[in-house]
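Chemist: Could you work out the structure for the sequence below:
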Amino acid sequence: MVSLLKGCYHKFPLYIRSLRIRALYRPSLFWKSLDSARMNTILACLLSLAISMPQSDASCFFMPFKPGMSNGVVVGCLDGEGKVHEFDSSWRTEDCDDCSCSKTGIGCCTSYMRPVDYDEEKCESIFNKENCSYKVVEKDDHSKECPVHSWVG
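Modeler: As a prediction, this is how the structure comes out:
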């Protein structure tokens, strides 16, 4: 058993080095060198990732570019409320989304975390728009906070 490991120990780093060299100069050779079991494992991981993505809570969204005009010149992005934002600028909306303008459009992400794992029978979540955060309190007594085990956002 020990002699078998010694033989593998010397060959394995060489095999990895040869894969790295192949990947640098000819990426197609790297993929051809993977056996079908490894390739199937990679494909299974990618498939499970693709399936799980739509089920997750999306906290970001993108609006395609609409030109924001000033004196007949495109100066930035036009948002859903009709406001013009300069290219490469960022701002926070009334709904607590952090947005930025680029030449491809407006990207926005929520600036807050939403509580998801707490006692919903005993407690309720309250959103504070002033500081863009949730607070989880008892339904009967809002002065008592409830423990939250998970947040999403």
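Chemist: Which elements pack onto the strand or helix carrying Ile126?
Modeler: Element membership for Ile126, per DSSP states H and E: strand 123-128. Contacts defined by 3 or more Cβ pairs under 8 Å, 6 or more residues apart in numbering; DSSP states H and E place strand 123-128 against strand 133-138. In short, each C-beta sits where N, CA and C put it, glycine included.
Chemist: who are the neighbours in contact with the closest residue to Glu124 other than its chain neighbours?
Modeler: Leaving out its chain neighbours, the residue that sits closest to Glu124 by Cβ to Cβ, 6 or more residues apart in numbering is Lys139, at 5.2 Å. By Cβ atoms under 8 Å, 6 or more residues apart in numbering, the contact set of Lys139 is 122-124.
Chemist: between the residues you listed, which is nearest His149?
Modeler: Set against His149, the nearest of the contacts of Lys139 by Cβ to Cβ is Cys123 (11.7 Å).
Chemist: Next, count neighbours for the closest residue to the closest one other than its chain neighbours.
Modeler: Setting aside the residues directly before and after it, Cys123 is nearest to Cys146 in space (Cβ to Cβ, 6+ apart), at 3.7 Å. Close neighbours of Cys146, defined as other Cβ atoms under 10 Å, add up to 17.
Chemist: Please name the residues that touch Cys146.
Modeler: Cys146 neighbours (Cβ under 8 Å, 6+ apart): 118-119, 122-123, 136-138.
Chemist: Drop anything exposed from the contacts of Lys139.
Modeler: 123-124 (16 or more other Cβ atoms under 10 Å).
Chemist: Turn the contacts of Lys139 into a markdown table, columns for distance to Phe62 and pLDDT.
Modeler: Putting the contacts of Lys139 into a markdown table (distance: Cβ to Cβ, whole Å; pLDDT from 0 to 100) gives the following:
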| residue | distance to Phe62 | pLDDT |
| --- | --- | --- |
| Lys122 | 38 | 97 |
| Cys123 | 34 | 97 |
| Glu124 | 32 | 97 |
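Chemist: Next one: the residue lying closest to Ile106 once chain neighbours are set aside from Gly107, what distance?
Modeler: Once flanking residues are discounted, Ile106 sits nearest to Met63: 4.5 Å by Cβ to Cβ, 6+ apart. Computed as Cβ to Cβ, to the nearest Å, the Met63 to Gly107 distance reads 8 Å.
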